[in-house]
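build the 3D model from these lines:
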Amino acid sequence: MREQQNCMEKLVFVTSLTCLMVVGYGIVGFPCILPYFYTGAAPFLVGLRIWLYWGVKWQLFLVDFCYFANLLLYIYLWACPGTEEVFCVVFAVANGPLLFAIITYRNTLAFHSLDRMTSVFIHILPALTTFAIRWYPSTSMPWYTSFASIDLGADDRLPWEWIVAVPFGFYVLHTIMYFTVVYICVKPDEQYWDTYRYMTGSSGGIISKVLNVFGPKYKPVVFVTLSWLYTLMTMLIGVLWFKYFYAHCVFLSIIGLVLIWNGASFYLDVFSEKGLDAEPYRFCVKPSEAK
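Sure thing, here's the model as predicted:
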């Protein structure tokens with residue numbers, strides 16, 4: 001069993017680095033491959049995550065906003081790639097809350113870990129794909145139809161309603177539906193984790209203290225309100241990435257450095273002591289056997 005586990009994680013390591021090289025090549029030399037790469041990678045990784053998370057009772061994570069944002073990008077790519085309004089919405093969610101989630105949730109370049117690398121790809125691939133579409137018109141050439149081309153015009157007018165208002169409304173609607181279905185209708189047992197329980201699980205952390213400022217009764221309200229403010233802030237900042245090419249490049253580079261730093265910290269501070277026990281589960285462990 002140990003040899004099989006090591007073999008599978010070596011395979012994940014090699015695959016992760018190969019995918020990283022493909023994405024890097026796509027960004028600097030051949031951006032038209034990114035929509036195709038995303039089209040193949042996203043359903044494969046999400047499918048594996050569904051299989052693994054269902055076994056460890058983490059399936060509520062699978063209805064987080066980031067998965068709906070990836071679904072929205074998928075719909076845009078294959079249903080309406082020429083629609084400017086839809087592209088603006090997709091760009092806003094991909095380069096706003098999804099990119100900032102890498103910092104918030106401390107995503108890590110741990111190349112042997114399917115779970116950690118899946119989180120990285122889910123959060124950064126939509127941003128890289130929309131980066132290619134926004135700034136490299138040649139991306140459209142091998143696609144079945146032309147992508148939306150955004151021209152701000154001589155007055156440099158931004159489509160605020162589509163780059164901020166509509167995507168933020170989409171996030172608000174998702175939050176309301178999520179809490180209504182999960183915590184009012186379904187009411188899952190405490191052994192089922194989701195983002196809300198993950199973020200509020202620490203009893204002595206700063207986040208926990210902030211959420212309890214008005215007492216435990218109002219903790220969900222405070223959590224939702226802060227998440228809305230946080231998302232709106234990331235979308236407003238994301239307007240800079242939509243408007244300025246170099247600002248977009250710099251921020252994506254910063255996100256890359258954050259991923260590298262988190263990866264170095266993981267391997268030197270955590271993995272060096274705990275080894276493969278640092279993982280929440282091993283890749284080849286059947287979900288029914290996961291603890």
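
what comes up buried for stretch 209-226?
211, 219, 222, 223, 224 (16 or more other Cβ atoms under 10 Å). Where C-beta positions appear, they are placed from N, C-alpha and C, glycine not excepted.

out of the residues you listed, the closest to residue 265 would be?
residue 211 (25.8 Å; Cβ to Cβ).

how near is the closest one to residue 97?
According to Cβ to Cβ, to the nearest Å, residue 211 and residue 97 sit 19 Å apart.

cool, residue 77 as well?
Computed as Cβ to Cβ, the residue 77 to residue 97 distance reads 19 Å.

of those two, who's got more company?
Neighbour count, other Cβ atoms under 10 Å: between residue 77 and residue 97, residue 97 has more, with 25 against 21.

residue contacts, the more buried one?
By Cβ atoms under 8 Å, 6 or more residues apart in numbering, the contact set of residue 97 is 65, 66, 69, 171, 230, 231, 234, 235.

could you pull out the helices for the stretch 51-200 of the chain?
Listed in chain order, the helices found in the stretch 51-200 of the chain under DSSP state H, counting those that start in this stretch are 65-79, 84-95, 97-104, 114-135, 160, 166-179, 195-200.

could I get these as CSV with mean pLDDT and distance to residue 42?
Supplementary listing: the helices of the stretch 51-200 of the chain in CSV, determined by pLDDT from 0 to 100; distance: least, Cβ to Cβ, whole Å:
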stretch, mean pLDDT, distance to residue 42
helix 65-79, 94, 6
helix 84-95, 95, 12
helix 97-104, 94, 12
helix 114-135, 94, 7
helix 160, 88, 29
helix 166-179, 94, 18
helix 195-200, 78, 20
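
so which of these comes closest to residue 41?
Distances from residue 41 to each of those were compared using Cβ to Cβ; the shortest belongs to helix 114-135, at 6.3 Å.

buried ones in that closest one?
Counting neighbours by 16+ other Cβ under 10 Å, helix 114-135 gives 114-134 as buried.

could you check the angle helix 65-79 makes with it?
Here helix 114-135 runs at an angle of 50 degrees relative to helix 65-79 (axes from the mean of the first three to the mean of the last three Cα atoms, to 10 degrees).

state the pLDDT value of residue 187.
With respect to pLDDT, residue 187 scores 83.

and it, how far from residue 61?
When distance is defined by Cβ to Cβ, residue 187 is 17 Å away from residue 61.

neighbour count for those two, which is higher?
Comparing residue 187 with residue 61 by neighbour count (other Cβ under 10 Å), the higher total belongs to residue 61, at 17 against 7.

quick one: pLDDT of that one?
The pLDDT attached to residue 61 in the predicted structure is 89.

what does the one 3 residues further on give?
Confidence per residue is given as pLDDT, and for residue 64 that number is 91.

identify the residues contacting it.
The contact partners of residue 64, taken as Cβ under 8 Å, 6+ apart, are 194, 195.

switch to 10 Å and redo it
Neighbouring residues of residue 64 by Cβ atoms under 10 Å, 6 or more residues apart in numbering: 101, 122, 174, 178, 194, 195, 196.

distance of the first one relative to residue 258?
Here the criterion is Cβ to Cβ. By it, residue 101 lies 11 Å from residue 258.

among the two, which residue is more densely surrounded?
More neighbours surround residue 101 than the other of residue 101 and residue 258, with 23 against 17 (other Cβ under 10 Å).

quick check, that one in contact with residue 227.
No - the pair formed by residue 101 and residue 227 falls short of the contact definition of Cβ atoms under 10 Å, at 11.2 Å.

which neighbours do these two share?
Residues within reach of residue 101 and of residue 227 at once, by Cβ under 10 Å, 6+ apart, are 65, 195.
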